[in-house]
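# okay, here's the prediction I keep looking at, along with the sequence it came from:
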Amino acid sequence: MMRRSRGALFALGAWALFGSAFALADEFKIEIEGIAQGKTIPKKFTCAGENVSPALRWRGLPEGAKSLALVVDDPDAPAGTWVHWVVYDLPGGLGGLEEAAGNRGSPGSQGVNDFGRRGYGGPCPPPGKPHRYFFRLFALDRPTGLAAGATKAELMRVIGGHVLGAAETWATFSR
C-alpha cells in the first residue's frame with residue numbers, strides 16, 4: 001500500500017474541493033521562518049508572548065498565480081477549528097511575509113479571525129496537550145475581490161474554482 005504525506009493528502013482534498021483546475025505542485029512550498037515543520041512555535045508568536053505573526057517564506061508558485069490567500073487555523077481547539085489568521089489578495093509575485101505583517105498590515109487584505117479581529121491572533125490554547133497550527137497558502141488565478149474583513153468561510157467560498165495550487169506547513173504550541 002502506498003503511503004501519502006499529510007501535505008499530499010491535503011493537496012488531494014483541496015483538488016477535490018476546488019476542481020480539476022487545481023495543480024498538485026510538489027515544488028510549491030511554504031515555510032515558517034526559523035521553525036521546522038511539526039516543531040514548537042516560539043512563545044513570541046503566541047498570546048503568551050508578543051502575539052506577532054511569524055515571518056513566512058514560500059517558493060515554487062504555480063504558473064499563472066495572480067493572487068495568494070493564507071489561512072492559519074487550529075483544528076485541535078475544543079470548540080472545533082479555530083481561525084487565527086486570514087489574509088488574501090496578496091500579490092502573486094510575493095515570496096513571503098515579514099514578521100508582524102499580520103499585526104501591522106500586510107500587502108493584502110486582512111480578514112477576521114475567530115478572536116473577532118482583523119489580522120493575526122497567535123496560538124492561545126487552553127493548558128494541556130499541544131495543538132497543531134496549520135499555515136495554508138493558496139495560489140489563485142485572480143484576486144478574490146473581497147473587501148477587507150472577510151471570514152475564512154467567505155474566502156473559501158470565493159476561491160472555489162480559482163485555486164492553481166496549495167502549500168501547507170504546520171507547527172505546534174502548548175501552554
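That came through fine.

# where does this structure dip in pLDDT?
Across the chain, the ranges flagged by pLDDT under 70 are 1-26.

# not counting sequence-adjacent ones, nearest residue to Ile35?
Excluding the flanking residues, the one nearest Ile35 by CB to CB, 6 or more residues apart in numbering is Ala171, at 5.1 Å. Quick note: C-beta positions are derived from backbone N, CA and C, even for glycine.

# go on, Arg57?
Nearest to Arg57 is Gly96, by CB to CB, 6+ apart, at 4.0 Å.

# what separates the one you found from Val87, distance-wise?
As for Gly96, its distance to Val87 is 12 Å (criterion: CB to CB, to the nearest Å).

# neighbour count: these two, which is higher?
Val87 (28 against 15; other CB atoms under 10 Å).

# strands of the chain, residue ranges please.
Assigned by DSSP state E, the chain shows strands spanning 29-32, 56-59, 67-74, 82-91, 96-97, 109-110, 131-140, 163-173.

# mind listing what the third one pairs with, with the direction of each?
When pairing is defined by DSSP bridges, strand 67-74 lines up against strand 82-91 (antiparallel), strand 131-140 (antiparallel).
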